[in-house]
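Engineer: curious how this folds, go ahead:
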Amino acid sequence: MSIIDSLKKAFHAITNPSSNTEEMSIGNALKFYYSAAIIPFIIALVLGTGLAFVASSLIKGTFSFIPGLAAVGAGFTGIVVMLVLTAGLIIYLFILIPIMALIVAALVQFFSKNLFKFWNGGYNKTFTAMLFAQLPIVLFIWASFIPFVTILLAIWGFVVGLITLAKQQQVSVGKALIALIVTGIMLMVIIFIITIILGNAIF
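Structural biologist: A predicted model of the protein is given here:
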């Protein structure tokens with residue numbers, strides 16, 4: 001599957017999550033994700049170049065009374081902005097999101113299948129849903145600097161993940177929602193207990 005095909009499939013997945021019934025292995029899900037994330041990554045870098053240019057211009061204008069310092073400062077600022085942006089995008093899109101999806105899917109699968117028996121499907125199905133839940137923020141990462149857009153994308157992603165989870169595990173959306181809520185509650189209880197234990201150990 002080409003990068004363009006993956007991008008089209010990703011857009012279809014977030015606009016029609018009820019059609020996300022294809023079973024994917026963990027490897028194939030990751031391959032699809034990485035392929036779909038390439039173009040949004042490039043767009044974000046192009047827009048970031050504009051941001052770097054603006055930052056350089058501001059520095060140059062601020063220190064225009066010292067031409068040499070202005071030129072050096074502008075160039076240095078532009079390079080730093082681009083390096084930070086590039087490194088941040090690479091770490092976030094290609095490392096953190098997949099790792100977090102793996103961890104969240106493992107937790108959801110443990111509580112929902114092993115503990116409370118909400119479904120019998122495999123981990124790969126839950127992982128696919130958790131990874132697809134990240135697609136809205138990934139595909140529109142270049143627009144996340146706009147106020148409130150990140151919040152809207154997070155809500156969109158939650159809906160996509162919820163419906164995809166229901167379709168992948170062949171349960172109702174209501175049951176999938178309960179499974180996510182139960183997982184969240186269990187995690188909060190565990191964190192609370194750990195906090196109490198650590199607090200008593202320290203004090």
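Engineer: tell me where this structure has helices.
Structural biologist: All helices of the chain, identified by DSSP state H, fall at 3-15, 26-62, 67-91, 97-109, 123-132, 135-139, 149-169, 173-202.
Engineer: lowest-confidence stretch among those helices?
Structural biologist: The weakest mean pLDDT among the helices of the chain belongs to helix 67-91, with a mean of 69.
Engineer: my read: Ile137 touches Ser144, true?
Structural biologist: Yes - Ile137 is in contact with Ser144 according to Cβ atoms under 8 Å; the separation is 6.8 Å. (C-beta placed from N, C-alpha, C; glycine too.)
Engineer: and for these two, which residues touch both?
Structural biologist: By Cβ atoms under 8 Å, 6 or more residues apart in numbering, Ile137 and Ser144 have these common neighbours: 150, 153.
Engineer: re the thing from before, among the helices of the chain, which comes closest to Lys117?
Structural biologist: Nearest of those to Lys117, taken as Cβ to Cβ: helix 173-202 at 10.2 Å.
Engineer: put the alpha carbons of stretch 129-146 into PDB.
Structural biologist: What follows is stretch 129-146, C-alpha atoms only, in PDB (Å, rounded to 0.1, in the frame of the first residue of the first chain):
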ATOM      1  CA  ALA A 129      -8.500   0.700  18.000                       C
ATOM      2  CA  MET A 130      -6.200   2.600  20.300                       C
ATOM      3  CA  LEU A 131      -3.900   3.400  17.400                       C
ATOM      4  CA  PHE A 132      -6.800   4.500  15.200                       C
ATOM      5  CA  ALA A 133      -7.900   6.800  18.000                       C
ATOM      6  CA  GLN A 134      -4.700   8.800  17.400                       C
ATOM      7  CA  LEU A 135      -5.300   9.300  13.700                       C
ATOM      8  CA  PRO A 136      -7.300  12.600  13.900                       C
ATOM      9  CA  ILE A 137      -4.500  14.300  15.900                       C
ATOM     10  CA  VAL A 138      -1.800  12.700  13.600                       C
ATOM     11  CA  LEU A 139      -3.500  13.700  10.300                       C
ATOM     12  CA  PHE A 140      -4.100  17.200  11.500                       C
ATOM     13  CA  ILE A 141      -0.900  17.700  13.600                       C
ATOM     14  CA  TRP A 142      -0.100  20.700  11.400                       C
ATOM     15  CA  ALA A 143      -3.200  22.500  12.600                       C
ATOM     16  CA  SER A 144      -2.800  21.700  16.300                       C
ATOM     17  CA  PHE A 145      -1.300  25.200  17.000                       C
ATOM     18  CA  ILE A 146      -4.800  26.700  16.400                       C
END
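Engineer: no further queries at this time; thank you.
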